[in-house]
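[1] whatever this is, show me its structure:
(chains A, B and C)
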Amino acid sequence: MILEVKGLTKNFGGLMAVKDINFYVQRGEILGLIGPNGAGKTTIFNMIGGFFKPTKGTVYFKGIDITKLSPPKICKLGITRTFQLVKPLSQLTVLENVMVGAFVRVKDPIEARKRAIKILEFTGQVDKKDMRAANLSHGDRKKLEISKALATQPELLLLDECMAGLNPHEVSDAIEIIKRIRESGVTLIVIEHVMKAIMSISDRIIVLNHGEKIMEGTPDQVAVNPEVIKAYLGERYARN
Amino acid sequence: MLKLEEFTQKRKLIPFIILLMLSLIPLFIKNEYILHLIILILLWSILGISWNLLGGYTGQVSFGHAAFFGVGAYTACLFYVKGGIPLWLGIIAAGISGALISIPIGAICFRLRGPYFALSVLALAEVLRLITLHWKSFTEGAVGILLIETIFSTKLGYYYFIIGIAIITIIIMAYLLQKRTGYYFRAIREDEDAAEALGIFTLRYKLFALIISAFFTGIMGAFFANYTNYIDPYIVFSIGDVSIAMVLIVVLGGIGTFWGPLIGATIVVLISEGFRSFFSTASLLIYGVLIVLVILFLPRGVVGSIQRKI
Amino acid sequence: MDITILIQTIVSGILVGGLYALIGLGMTLIFGVMRIINLAHGEFLMVGMYICFWLFRLLGVDPYLSILISIPFLFLLGIILQRYLILPIIKANAPGENQILLTAGIGLILTNVALLLFSPNYYTVLTHYSNATILFGRISLSLPLLWDFIISFGITGILYYFIMKTDIGASIRAVAQNSDAAQLMGINIDRITIITFGIGAALVGAAGSLFMPIYYVFPAIGEIFTLKAFIVVVLGGMGSAIGALVGGLTLGVVETLGAAYISMSLKDGLGFLVFVLVLIFKPSGLVGKTRF
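    The predicted model follows:
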């Protein structure tokens, strides 16, 4: 088990965003995290990544309690997250963006540049390497978000809606990249709304609604589960 | 492609070529006023470059750099006047004390972001000014400190001295910016959360940028004290004449660019001096108008506006 | 320690604090609505003070009546500055430091125009009641100071009514909370920011007229009070009106206590000290919520 989350709870003043979440992730698997908007998925990522401190609960990474650690420390330990609303380093070039990620593992700019280029070749963005991030299209920015994260050489990668707003061609491309990421030995937790995509790539799926885990299982099991259908589409569809 | 890389390589030498040319000027021009102008331009350039490291490259805009200028000036003067320590050592001590005082200032102010950070440094600079003003037994208060003997007795001495400091400053800046540190500074400027997610300890790097910035600002404070022979709390801790001036120079030249501070310093010094000889009372008024015009019409600064066109 | 003196000092501090609160309110209103930190705020106070002074010197107008002139004058000044100088750069999405620099430049211009017109001399307004005191039991308070507080209180009350009960006030609150949503609901953001800046300036202008009887004016006074305003606002919490009130009263009390029990010359420093302490221990302000 590379990641174990126990009793994770987040209370914002009066709003209970996430309540008593328990799950684990096996090394090498792709875990999907789905649920309607506001279900608490990104909040969980924020807590795993160290951006929020949980109200209650613990997060264990490779057996170490990382609950109270800061985001940079967690990144150094091996967990990198992407942001749903992408955060490119706008005035830097694509290459420089990825180099920043690479620098967490290597100090020398020349070495960082080499690694960055390899990452960009991996994600298929190397032709845009000298473009300023501010000038990229939406799809390219989404991809850059992944490239930056990969450069940090994570053992566990948290992808937050990396396919939002992508056209079908870009979605297939993203699925390809995610599969290749897994093949390279990285474990993934993926938050996604593009159903076909997440069903096809995940080994297991966890479904969240109103901050609570309502189901966990294989994609096939999740697809037919009445609670899940009710959460997304409402009572009427669930009865069928 | 090859030509572009050749050009960028050669481009790095331009500052040094300029400084080399400047060092040859006294052989041809004996006019002391011209030397004085160049010294002023270099003084403000170095101040601008220091501020730019923190404000332009790391994105932490400070409106209180007079804190470090003043601390540096007073360190050098007090070391000499009260401790008999040679002025040469005083200049280095000035840089160190600027750097040292920046640590608690950073620790307090970096909790805030954006304009709050900018003004909290200003407030702390004011605190330092008030302390200097009221601790009469130590600092002579409003009476100020007069240096009877200074590092150089000729303008020429200061001229070459500041060229030397300029060379060192530019080398150190250029070095930092092309190493990992430089990339991290810019990442922090662009997006602090993204930077943290990529493993950057943003507070550490912000402090680092601040310390270096404060170090060179402190050295310039000591240089100023020697060059003008006299300092007091209103001069060296001045919000308008030091803190805001540093911001204006870099914003006018182009914040976050390499050449911005140099160009900004040249323009501001020439305009200020030009107007000073004609309307002395109105010179500050012109200064205010200049600020407003720059913000309205050249928001990216000279260099920034040119870069946009490319 | 004489308890009477203590109470007297504290009450005086509260009275002065009322004025500080008025000044802080102007700044926090401007900040709350358009996220601009107005470095020319102290200069608006200066303008209000000079208006009061010259009306008194040339026409014999009582300082408290001059409020009726300084309020509209500063309101107009604020509107013009916002419309022609500040609004363009907000719309151009200028970085934060540019906005601060712009207001700093405006402040510089105001200060130096005053210097050219009025010379660097200190001016005061001396009326027949300038040194009058009033007795409450054994507590003696300065009469002008008391008037200042009452009038500040009144102005704050009017402002409260305006913000809470009128349509424009509701629009202002809407823009302060979420300018995009407000715009989508058909509120003319530009008009609101112009009006708000005018109100902010007018509040400070009023404070200027109120300040004249108990202080003195000179061109460079702006700088001091911009900083005081900033301290008040940060003490209370940026963007929070209640915060400005709390911050102003706190600063007033701290200063008068400091002046009475420690040293007259250090009283400014005490304000800064409290400011630094708040920054260290509660950066969001004594009242404010964290909204950086």
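[2] what about C:A201, neighbour count?
    By other C-beta atoms under 10 Å in any protein chain shown, 31 other residues sit near C:A201. Every residue, glycine included, has its C-beta placed from N, CA and C.
[3] contact partners for it?
    Under the criterion of C-beta atoms under 8 Å, 6 or more residues apart in numbering or on different chains, the contact partners of C:A201 comprise C:26, C:44, C:74-75, C:77-78, C:81.
[4] pLDDT score for the residue of the stretch 101-250 of chain C found nearest chain A?
    Closest approach between the stretch 101-250 of chain C and chain A, counting by C-beta to the nearest C-beta: C:D180, at 15.0 Å. With respect to pLDDT, C:D180 scores 80.
[5] okay, and it sits in which element?
    Secondary structure here is read from DSSP states H and E; on that basis C:D180 sits in helix C:179-184.
[6] give the contact list for B:E190.
    Neighbouring residues of B:E190 by C-beta under 8 Å, 6+ apart: A:88-92, B:59.
[7] and for B:F185?
    So, once contact is read as C-beta under 8 Å, 6+ apart, B:F185 ends up touching B:53, B:57-58, B:176-177, B:205, B:209.
[8] where does it fall, secondary structure wise?
    Mapping B:F185 onto the secondary structure by DSSP H and E places it in helix B:180-190.
[9] who are the packing partners of the helix or strand following that helix?
    Once helix B:180-190 ends, the next helix or strand along the chain (criterion: DSSP H and E) is helix B:192-197. With contacts defined as 3 or more C-beta pairs under 8 Å, 6 or more residues apart in numbering or on different chains; DSSP states H and E, the packing partners of helix B:192-197 are helix A:71-77, helix B:180-190, helix B:202-228.
[10] could the ones you listed go into CSV alongside mean pLDDT?
    As requested, the helices and strands packed on helix B:192-197 are arranged in CSV below (pLDDT from 0 to 100):
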stretch, mean pLDDT
helix A:71-77, 95
helix B:180-190, 95
helix B:202-228, 95
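[11] quick one, which of these is nearest to C:P88?
    Evaluated over the helices and strands packed on helix B:192-197, closeness to C:P88 peaks at helix B:180-190, with 24.7 Å, by C-beta to C-beta.
[12] which of the residues in the closest one are buried?
    B:180-190 (16 or more other C-beta atoms under 10 Å in any protein chain shown).
[13] now swap in stretch C:279-286 and tell me
    Neighbour-count burial for stretch C:279-286 [16+ other C-beta under 10 Å]: C:279, C:283-286.
[14] taking the residues you listed one by one, which sit in strands?
    Here DSSP state E is the test, and those give no hits in strands at all.
[15] one step back: dump the following helix or strand past the helix holding C:D180 to CSV, restricted to CA.
    Towards the C-terminus, the helix or strand next in line after helix C:179-184, according to DSSP H and E, is helix C:189-211. Listed in CSV are the C-alpha atoms of helix C:189-211, where the atom choice follows Å, rounded to 0.1, in the frame of the first residue of the first chain:
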residue,chain,number,x,y,z
ILE,C,189,-18.9,48.9,-11.7
ASP,C,190,-17.1,52.0,-13.0
ARG,C,191,-19.7,54.3,-11.6
ILE,C,192,-19.7,52.6,-8.2
THR,C,193,-15.9,52.7,-7.9
ILE,C,194,-15.9,56.4,-8.8
ILE,C,195,-18.6,57.1,-6.2
THR,C,196,-16.8,55.0,-3.6
PHE,C,197,-13.5,56.7,-4.1
GLY,C,198,-15.3,60.1,-3.8
ILE,C,199,-17.0,59.0,-0.5
GLY,C,200,-13.7,57.7,0.8
ALA,C,201,-12.0,61.0,0.0
ALA,C,202,-14.9,63.0,1.5
LEU,C,203,-14.7,61.1,4.7
VAL,C,204,-11.1,62.0,5.1
GLY,C,205,-11.8,65.6,4.0
ALA,C,206,-14.4,65.8,6.8
ALA,C,207,-11.8,64.4,9.2
GLY,C,208,-9.4,67.1,8.1
SER,C,209,-11.8,69.9,9.0
LEU,C,210,-12.4,68.2,12.4
PHE,C,211,-8.7,67.8,12.9
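[16] ok now helix C:189-211, how far from the chain's centre?
    Helix C:189-211 has its average C-alpha position 9 Å from the chain's average C-alpha position, going by C-alpha atoms, centre = their mean, to the nearest Å.
[17] how about stretch A:174-181?
    Going by C-alpha atoms, centre = their mean, where stretch A:174-181 is centred and where its chain is centred differ by 13 Å.
[18] can you tell me the element the residue nearest the centre of chain B falls in?
    Taking C-alpha atoms, centre = their mean, the centroid of chain B lies closest to B:L47, which sits 1.4 Å from it. Mapping B:L47 onto the secondary structure by DSSP H and E places it in helix B:32-52.
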